[in-house]
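> what's the 3D shape of this:
(one chain, ligands or ions: 3)
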Amino acid sequence: MTTVEQAENLILARLRNYGDESVPFDQALGKVLAEDIKADRDLPPFNRVTMDGIAISFKAIKDGINTFRIKATQAAGDEPVEIDDLNGCIEIMTGAVLPASADTIIRYEDVEIKDGLASIDAEGIKQGQNIHVQGIDKRLGEVLASAGQLVTPAIIGVAASVGKTHLLVKKMPKVVIISSGDELVDVHEMPSPYQIRKSNSYTVKAVLQQHGLQPNVLHIPDDPEVTKTQIQHCLQNYDVLLLSGGISMGKFDYIPQALDDLQVTKLFHKVAQRPGKPFWFGQYKDKVLVFAFPGNPVATFMCLNRYFLTWLNATLGLPQQLPVYAVLDSDFQFGPALQYYLQVKLYSNTQGQLMASPVEGNGSGDFANLADTEAFLELPLERSEFKQGEVFKVWRFV
Ligand SMILES: Nc1nc2c(c(=O)[nH]1)N[C@H]1C(S)=C(S)[C@@H](COP(=O)(O)OP(=O)(O)OC[C@H]3O[C@@H](n4cnc5c(N)ncnc54)[C@H](O)[C@@H]3O)O[C@H]1N2
Ligand code: MOO
Ligand SMILES: [Mg+2]
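Ligands and ions are numbered 1, 2, ... in the order given. From the prediction side, this is the model:
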């Protein structure tokens, strides 16, 4: 049987480049930058006042002046007002431009204002205080975010600040999610006593949306001809097919045969892991990738996170998530010679260690306990006894 490592290598040997596209900057969250974002002015673009108070020339303090005539009030966004002589000051607000004739800001808390005069205690006042100097953060033309970086909320703000209405980002693959099974009805329907509602496609879609993808969703019944026709259509119209269900040993598990009939090359079927042993992966005409996940919801979810997202990040040129390790907080046993992905909750202890607590459950059909699961702990296949205090690699979800 294919090992987890072999499966991962076969998948990662099939990275793709889908090109670039320009998108409105506020819709770029989760995408990958394909251009640098540069400062269109110095940052800050002018000497920016950082405290509400008065602006003076420090020379006045050196000359022993401690009472100033208020000449004007300058708000943020106003043109700067100059001080004509050392006895003058400007009331000035945070965010305003420092007038060229001033070099020191004294905050209101340290000023007494009466009859148009501002008095201060000169002790402790430093020249240049409370000023965010022009260009100290970044210089005009300096790179603020680089091609290859994941667009985060902070980067969206940075793009806005430099007036980039559109960003060049890497194009995402066109993905279709295909669930299968006659026992499944839609969310708004009432299942018969023999049916259940679909849940996999919604979970898969939500995960993909978190990663900036906009997949289409399709459901196919357990009918070999319809299965073939629908998959054939998807192979012509999408870059990636994410199937769930219909790939095991059941009499109505038609997917592997349909994929074979449609000349999709099987790269592996069955991986030495639990959940997700029946996982099927293949490729059509060196172009379309087919991830067929086992239908049990925990298996679909684990394989999606563990394999598809690893492929997606690599394809987009994002650094793979740094491996995260956690300490198992109680003994655990798992006999079969399969790589076990243990559902865990994470917390940190008072020594600052990341701790993993197993989530009780009833196998990979128990999708309700996914709601309590934050990560999968990767327990090595060659072992069956795992002790409290041992450290293992952890796959956490966003
Ligand atoms: N004789 C064997 N039987 C099974 C084996 C095996 O090795 N030998 N493997 C088991 C394992 S492990 C898994 S996982 C499942 C995988 O089955 P399929 O991929 O064929 O999936 P289905 O049979 O279609 O469904 C399995 C299970 O999951 C539910 N399901 C499917 N799709 C959805 C969905 N979109 N939303 C919610 N739930 C879904 C479905 O109702 C079934 O209960 O096979 C085992 N059997
Ligand atoms: O893949 Mo199955 O998930 O072990 O139930
Ligand atoms: Mg089945």
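
> separation between Gln230 and ligand 3?
Noted for Gln230: a distance of 18 Å to ligand 3, by C-beta to the ion, to the nearest Å. (C-beta placed from N, C-alpha, C; glycine too.)

> who in the chain is up against ligand 3?
Ser248, Gly250, Asp253 (C-beta under 5 Å from the ion).

> would you mind giving these as CSV with neighbour count, pLDDT and secondary structure added?
Formatted as CSV, the residues of the chain next to ligand 3 follow (neighbours: other C-beta atoms under 10 Å; pLDDT from 0 to 100; DSSP: H, G, I helix; E, B strand; the rest coil):
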residue, neighbour count, pLDDT, secondary structure
Ser248, 17, 95, coil
Gly250, 12, 95, coil
Asp253, 18, 96, coil
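
> distance to ligand 2 for the residues you listed - can I get that in a markdown table?
Output for the residues of the chain next to ligand 3, formatted as a markdown table (distance: C-beta to the nearest ligand atom, whole Å):
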| residue | distance to ligand 2 |
| --- | --- |
| Ser248 | 8 |
| Gly250 | 13 |
| Asp253 | 13 |
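
> list just the nearest of those residues to Ala72.
For the residues of the chain next to ligand 3, the closest approach to Ala72 (C-beta to C-beta) belongs to Ser248, at 79.4 Å.

> which SSE is the residue in the chain positioned nearest to ligand 1 in?
For the chain and ligand 1, the shortest gap (C-beta to the nearest ligand atom) falls at Gly295, measuring 2.5 Å. Using DSSP states H and E, Gly295 maps to neither a helix nor a strand.

> now the residues of the chain next to ligand 3 as CSV including distance to Leu168?
Below are the residues of the chain next to ligand 3 laid out as CSV (distance: C-beta to C-beta, whole Å):
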residue, distance to Leu168
Ser248, 43
Gly250, 47
Asp253, 43
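
> of these, closest to Ser364?
Each of these was scored against Ser364 by C-beta to C-beta, and Ser248 proved nearest at 11.6 Å.

> now do the contacts for that closest one.
Ser248 sits next to Pro278, Pro294, Gly295 when contact means C-beta atoms under 8 Å, 6 or more residues apart in numbering.

> which sections of the stretch 101-250 of the chain are below the confidence cut-off?
For the stretch 101-250 of the chain, no stretch has pLDDT under 70.

> which bits of it sit near ligand 1?
Listed as neighbours of ligand 1 in the stretch 101-250 of the chain under the rule C-beta under 6 Å from any ligand atom: 179-181, 183-184, 196, 198-201, 244-250.

> where do the strands sit along the stretch 201-350 of the chain?
Secondary structure of the stretch 201-350 of the chain (DSSP state E, counting those that start in this stretch): strands at 216-220, 240-244, 265-269, 273-274, 280-284, 288-293, 324-328, 332-333, 339-348.

> most packed of those?
Comparing the strands of the stretch 201-350 of the chain by mean neighbour count (mean count of other C-beta atoms under 10 Å), strand 240-244 comes out on top with a mean of 26.

> export that one to CSV, keeping only CA atoms.
The C-alpha trace of strand 240-244 is given here as CSV (Å, rounded to 0.1, in the frame of the first residue of the first chain):
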residue,chain,number,x,y,z
VAL,A,240,-8.8,20.2,-10.0
LEU,A,241,-11.6,17.8,-9.1
LEU,A,242,-12.1,17.2,-5.4
LEU,A,243,-14.4,14.2,-5.0
SER,A,244,-15.8,12.7,-1.8
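
> so the residue of the chain closest to ligand 1 sits right up against Asn200, yeah?
Yes - at 7.0 Å, Gly295 counts as touching Asn200 under the criterion of C-beta atoms under 8 Å.

> which neighbours do the two share?
Between them, Gly295 and Asn200 share these contacting residues under C-beta under 8 Å, 6+ apart: Ser244, Gly245.

> can you pull the contacts of Ala272?
Met1, Thr2, Thr3, Val4, Ala337, Leu338, Gln339, Leu381.

> only whichever of the residues you listed are buried, select them in ChimeraX.
In ChimeraX syntax, the buried subset of these is picked out as below (16 or more other C-beta atoms under 10 Å):
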select :2,4,338,339,381
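
> could you dump the contacts of Ala272 to a markdown table with pLDDT?
Shown next, in a markdown table, are the contacts of Ala272 (pLDDT from 0 to 100):
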| residue | pLDDT |
| --- | --- |
| Met1 | 93 |
| Thr2 | 97 |
| Thr3 | 96 |
| Val4 | 96 |
| Ala337 | 92 |
| Leu338 | 94 |
| Gln339 | 95 |
| Leu381 | 90 |
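
> report the two of the contacts of Ala272 separated the most.
Greatest spacing in the contacts of Ala272, by C-beta to C-beta: Thr2 and Ala337 (13.4 Å).

> and Gln321, what's its pLDDT?
You'll see Gln321 listed with a pLDDT of 68.

> got the phi and psi for the residue of the chain closest to ligand 1?
Gly295 has phi and psi values of phi -70, psi -30 when expressed as degrees, to the nearest 10.

> neighbours around it, how many?
Gly295: 25 surrounding residues under other C-beta atoms under 10 Å.

> for it, which non-adjacent residue is spatially closest?
Leaving aside its sequence neighbours, Gly295 sits nearest to Gly245 (C-beta to C-beta, 6 or more residues apart in numbering; 2.9 Å).
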